[in-house]
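Peer 1: Structure of the sequence below:
(4 chains)
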4 protein chains.
Amino acid sequence: MGIVLGANSYGKAENRLVRVYRDTPRHEIRDLSVSTSLRGDFDAAHISGDQAKVLPTDTQKNTVYAFAREYGVGQIEDFALTLGRHFVKEIEPVHGARIEVDEYAWDRIEVDGRGHDHSFVRRGQEVRTTMVTVERDGRASVVSGLKDLTLLKSTGSEFRGFLADRYTTLEETRDRIMATSLVARWRYQTAEADWAESHAGVRSILLATFATTHSLALQQTLWEMGRGVLQQHPEVAEVRLSAPNKHHFVVDLSPFGLENPNEVFYAADRPYGLIQASVLRDDTPATDVAWDG
Amino acid sequence: MGIVLGANSYGKAENRLVRVYRDTPRHEIRDLSVSTSLRGDFDAAHISGDQAKVLPTDTQKNTVYAFAREYGVGQIEDFALTLGRHFVKEIEPVHGARIEVDEYAWDRIEVDGRGHDHSFVRRGQEVRTTMVTVERDGRASVVSGLKDLTLLKSTGSEFRGFLADRYTTLEETRDRIMATSLVARWRYQTAEADWAESHAGVRSILLATFATTHSLALQQTLWEMGRGVLQQHPEVAEVRLSAPNKHHFVVDLSPFGLENPNEVFYAADRPYGLIQASVLRDDTPATDVAWDG
Amino acid sequence: MGIVLGANSYGKAENRLVRVYRDTPRHEIRDLSVSTSLRGDFDAAHISGDQAKVLPTDTQKNTVYAFAREYGVGQIEDFALTLGRHFVKEIEPVHGARIEVDEYAWDRIEVDGRGHDHSFVRRGQEVRTTMVTVERDGRASVVSGLKDLTLLKSTGSEFRGFLADRYTTLEETRDRIMATSLVARWRYQTAEADWAESHAGVRSILLATFATTHSLALQQTLWEMGRGVLQQHPEVAEVRLSAPNKHHFVVDLSPFGLENPNEVFYAADRPYGLIQASVLRDDTPATDVAWDG
Amino acid sequence: MGIVLGANSYGKAENRLVRVYRDTPRHEIRDLSVSTSLRGDFDAAHISGDQAKVLPTDTQKNTVYAFAREYGVGQIEDFALTLGRHFVKEIEPVHGARIEVDEYAWDRIEVDGRGHDHSFVRRGQEVRTTMVTVERDGRASVVSGLKDLTLLKSTGSEFRGFLADRYTTLEETRDRIMATSLVARWRYQTAEADWAESHAGVRSILLATFATTHSLALQQTLWEMGRGVLQQHPEVAEVRLSAPNKHHFVVDLSPFGLENPNEVFYAADRPYGLIQASVLRDDTPATDVAWDG
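Peer 2: Predicted structure coming up:
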């Protein structure tokens, strides 16, 4: 019996990059966090400490910033693909690269009813994400998504007819608040798509389905959200949703002689439910790519 | 020489309250964090452990939730005033109450071009704040504001002509990114105002002034922002601004044979500049109210 | 082509549990965060909204607290196994359960040179972890670990002889600070072990190996740490280490006429290197259990 | 009526500094976050944008790192005094300087029963703090402290006999968990003291008093803690304590046929009580220095 090196990777995480496009007085800005992670022939780096095949993480960082100048940022999926292909193609010991990009959205500051040319305000908490994996043979996987999208329905949510055992005290409800901070990731069938349009379309379906589904459980809402995306976006192979059930408890005001017909709620921090589901096409080939971060 | 009890206060912090208005199918929601803090005749509670004059923080929490039902939330300034006046008037040992409210904004989810009746999405990071202090004699002070408003100008910002000593290495610049995460607080002249309109107006001036001021330093921008508010809002006595200078450094791409004409930036976390200034009317009576949190 | 439900799970996350043992005046306390996650026959819950097979997450929470009373907490691995086996055995639709427990350590407050009977102070940032998976057939997997263990070597760390490309600017160094915030997870060969002794032993090897290894790269240090554990702990099948390289940069003081022979450092936040490696036995059967959280 | 500039200050916040002492093979390390804040003749910087009197925050940062080399770090109080006096004395427009330092503690990693020469592990969450203010006339104020010191008593804490109104539902208790995350600050009578010894002594009294006081309320515990410090440390003029009451609720296990004699608790996040008190000498001259951060 021996001891061996198993799976390993290394890279530079959370390179904070702001790219300004200033070819005209009306600037554009892009605000990213870029993480690189390389797999490959790195046994010697571990076992004998020989770094001859190791491209420093510092170099990976430099590459991110240099590429932002040379190639521009464009859609984050394309930026990640360009970076991933570079590392796999140009750096011989690298067998696979995973590039993750988070993008933070900005709006123009409104002045006299018009967006300002070069002054911006952060739009919200929501983050657009992508995780691109490029293999040595050129295969690429693109998993895009969003996170920190906080949603709430003030009605249209039930939870009834559930299984009970001796530890069950929860009462059934036909009307509750349902709230979550959604993490959604969808795997594309290809490495070429209209990423911006696709992202906007998927996001819109996720939101609208959350809003319009009369929910019997968060599980059901997630299923409908995933199904809606797949029905309308043939370029998407699979949708994975991770949704904390952020509990809002009706406050008992009866000690004060007050009714509380679902009007006053206490928003709890912990614990929270955590519901996770994948929705996919039944002809989707299995993927060997870990894609849930 | 003896040892005495000095300033003291107690309360319940961060009561997370969601209030749903559901009188019609088109719901409204309000999402608050409410903190109470009471001053008064509490020497015995400390020195002999006698709690006879101490209204429990648990009761303060109950009061917050009960008042949300009895009186509704309305504008956060009014909700805070109602709570503060209650504690000072009804609880004999209480000599002063400070109520702080943070409000998180939500938008309706758009479905088919129209905001949904009861489904919502968190708007952004920005938080609307108020801090109300009520004294035993009925005097009330209202300091409203906002925080976590993240702003960025991609040009229109200089920093030159500064003082240099032997530790100065910074180069002058005629063009840099200026970014901040603004905390603004403004003290009202009175305890009665159109809070919503005033808040929207002040916010709009802060944003527009940030956008349109050609900045010679963050200090100057803050001054102009505060001045703009006071010029147009006679109900405001003083504006206090606290602004981290969130540094964005131009990345040196020359080792890679690339120019970088203010296009690719590294967004740093720490350290950051921290600029703080008050702008006020010269006939403003001094306040004995600590109002910067 | 159809759309189908893929992998899914649900549970209650971050149940914060403090258990006091007070059979004698010398109390013991245990401070845990417990998360449950169930897999099973939950298609109907998603697709038709039928919750008949769904044990509420609220019930899972109740079970955690009730078991802390009925069975005590003991070692977190045993507590997690007890919970996991309960859900799989007692709740028919459940096919698999994953229980994660984080434990926060406390020391007795020292009074007159002796630990106090019932007063405690949080020990540190380090968190002891376990992730237990129980399958329907009774198989159980135990992956224990620690996280937030912050380590630093002020010398004894080199980084030289690395691969360079056109984006490489990093200079070689024979002496640098190496710092990390370690996440370590190790998979046990069995579901029965002296968990406390094993955890203490593994932790001790990780720390001592970090300290005494003259490091040619963080990769090499991780390898030696993992190897050391496997050599001395036959009950462990695999070790996975995730280590941010928390960069400490030598500050250039030459503009001020000062040398800086590795004495004054700037500790950076982002970006950071991220090095991840598994070290395992070559006769370890492959596991189908995802175990890196 | 005119609009004028009020109180203002600027500086560089959170300069993360690690200082290694390596004169012998047995290294020492010091890990600090240093924030500078200057007041003075900065009207022009705001009103006309003239920066001629403004020493850049970048220079302040450089000064922190250079001084760590030139003068060493020593006790954080002395380091802060040295920095503050420098800015006030050497930079003509500066009328006052406030220097805040947080220090993170490290232990040597134990190897074969002995602390390693150059390998360290972060000790805990607790942070040692100081806030030093230096005025133009040379007066200096030193307020030292600690924060993030998490304490818990599993018994020896009551809460009874409190004031009740119509919103009171809390039941009296003769035995509860009392837990807090303490922030303590104490103002010294002078700017010269044995800072290390004084800090250790004060900390020890705070801990022991928390442990040994049979508590009738958190207010009473804080008073005893402050009083104990002043009784034994004549160099201290005033102690300010800010203590969240981190609620631990006894879980109702009766639905499951289980008693719960204060053994199983739910540790809540929010809301929390917040108790703040100052304890001081009755002959302490009033201070015009804001010292609570």
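
Peer 1: Next, count neighbours for A:Arg174.
Peer 2: Residues lying near A:Arg174 (other Cβ atoms under 10 Å in any protein chain shown) number 9. Glycine gets a C-beta too; all of them are placed from N, C-alpha and C.

Peer 1: next one: stretch A:86-104 to chain centre, how far?
Peer 2: Its chain's C-alpha centre and that of stretch A:86-104 lie 18 Å apart, by Cα atoms, centre = their mean, to the nearest Å.

Peer 1: Report the mean confidence score over it.
Peer 2: Here stretch A:86-104 scores 98 as its mean pLDDT.

Peer 1: check whether it contacts chain C.
Peer 2: Yes - against chain C, stretch A:86-104 shows contacts by Cβ under 8 Å from any Cβ of the partner chain at A:Glu90, A:Ile91, A:Pro93.

Peer 1: Spit out the contact partners of the first one.
Peer 2: By that I understand A:Glu90. Residues in contact with A:Glu90 (Cβ atoms under 8 Å, 6 or more residues apart in numbering or on different chains) are C:Asp165.

Peer 1: Give the phi and psi angles for it, as a check.
Peer 2: Backbone torsions for A:Glu90, taken as degrees, to the nearest 10, come to phi -90, psi -30.

Peer 1: what separates the host helix or strand of A:Ser204 from the chain centre, distance-wise?
Peer 2: Taking DSSP states H and E as the definition, one finds A:Ser204 inside helix A:195-212. Averaging C-alpha positions (Cα atoms, centre = their mean) puts helix A:195-212 13 Å from its chain's average.

Peer 1: Please apply the same query to stretch A:89-108.
Peer 2: 14 Å.

Peer 1: for it, which positions count as buried?
Peer 2: By neighbour count on 16 or more other Cβ atoms under 10 Å in any protein chain shown, the buried set for stretch A:89-108 is A:91, A:93-104, A:106, A:108.

Peer 1: Of all pairs in those residues, which one is the farthest apart?
Peer 2: In the buried residues of stretch A:89-108, the most distant members under the criterion Cβ to Cβ are A:Pro93 and A:Arg108, with 44.7 Å between them.

Peer 1: got the contact list for the closest residue to A:Ala105 other than its chain neighbours?
Peer 2: Distances taken as Cβ to Cβ, 6 or more residues apart in numbering or on different chains put A:Arg123 closest to A:Ala105, at 4.0 Å, once the chain neighbours are dropped. Counting by Cβ under 8 Å, 6+ apart, A:Arg123 touches A:Tyr104, A:Ala105, A:Trp106, A:Asp107, B:Gly124.

Peer 1: ok, of the residues you listed, which one's closest to D:Gln75?
Peer 2: When these are compared for distance to D:Gln75 (Cβ to Cβ), A:Tyr104 wins out at 40.9 Å.

Peer 1: what pairs with that closest one across the strands?
Peer 2: A:Asp31, A:Val127 (DSSP bridges).

Peer 1: Identify the residues contacting it.
Peer 2: Contact analysis of A:Tyr104 by Cβ under 8 Å, 6+ apart lists A:Asp31, A:Leu32, A:Ser33, A:Arg122, A:Arg123, A:Val127.

Peer 1: and chain A, what are its domains?
Peer 2: A:9-138, A:145-293 (automatic domain parsing).

Peer 1: sorry, back to before: could you turn the buried ones of the contacts of A:Tyr104 into a PyMOL selection?
Peer 2: The PyMOL command for the buried members of the contacts of A:Tyr104 (criterion: 16+ other Cβ under 10 Å) is given here:
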select buried, chain A and resi 31+32+33+122+127
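
Peer 1: where do the helices sit along chain A?
Peer 2: For chain A, applying DSSP state H gives helices covering A:43-47, A:57-70, A:76-90, A:195-212, A:218-232.

Peer 1: Can you convert these into a markdown table and add a column each for distance to D:Thr221?
Peer 2: Shown next, in a markdown table, are these (distance: least, Cβ to Cβ, whole Å):
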| stretch | distance to D:Thr221 |
| --- | --- |
| helix A:43-47 | 52 |
| helix A:57-70 | 49 |
| helix A:76-90 | 53 |
| helix A:195-212 | 47 |
| helix A:218-232 | 43 |
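
Peer 1: right, and these - which one's nearest D:Pro234?
Peer 2: With distances scored as Cβ to Cβ, the stretch of those nearest to D:Pro234 is helix A:57-70 (53.2 Å).

Peer 1: is any part of the closest one close to chain B?
Peer 2: Yes - Helix A:57-70 is in contact with chain B by Cβ under 8 Å from any Cβ, via A:Asn62, A:Tyr65, A:Ala66, A:Ala68, A:Arg69, A:Glu70.

Peer 1: From chain D, how far out is the fifth one?
Peer 2: Distance of A:Arg69 to chain D, given as Cβ to the nearest Cβ, to the nearest Å: 24 Å.

Peer 1: interface residues of chain A facing chain D?
Peer 2: A:Arg166, A:Tyr167, A:Thr169, A:Pro255, A:Phe256, A:Asp269, A:Arg270.

Peer 1: count of residues packed around the first one?
Peer 2: In other words, A:Arg166. Neighbour count for A:Arg166, taken as other Cβ under 10 Å: 13.

Peer 1: give me every residue that touches it.
Peer 2: Residues near A:Arg166 by Cβ under 8 Å, 6+ apart: D:Phe256.

Peer 1: Now do the phi/psi pair for it.
Peer 2: The phi/psi pair for A:Arg166 (degrees, to the nearest 10) reads phi -70, psi -10.

Peer 1: quick one: low-confidence ranges for chain A?
Peer 2: A:1, A:286-293 (pLDDT under 70).

Peer 1: And the strands in it, which stretches?
Peer 2: A:3-13, A:15-21, A:28-40, A:94-111, A:114-135, A:140-153, A:178-188, A:236-245, A:248-250, A:264-267, A:272-281 (DSSP state E).

Peer 1: Just the closest of the buried residues of stretch A:89-108 to chain B, please.
Peer 2: Chain B lies nearest to A:Trp106 out of those, by Cβ to the nearest Cβ, at 6.8 Å.

Peer 1: So the closest one is in contact with A:His27, correct?
Peer 2: No - with contact defined as Cβ atoms under 8 Å, A:Trp106 does not reach A:His27; the gap is 10.6 Å.

Peer 1: With D:Arg16 as the reference, measure out to the nearest residue to A:Glu14 once chain neighbours are set aside.
Peer 2: Closest residue to A:Glu14 apart from its sequence neighbours, by Cβ to Cβ, 6+ apart: C:Arg270 at 4.4 Å. In this view, C:Arg270 and D:Arg16 are 12 Å apart by Cβ to Cβ, to the nearest Å.

Peer 1: Who are the contact partners of A:Glu14?
Peer 2: By Cβ under 8 Å, 6+ apart, the neighbours of A:Glu14 are A:Ser33, A:Val34, A:Ser35, C:Arg270, C:Pro271, C:Tyr272.
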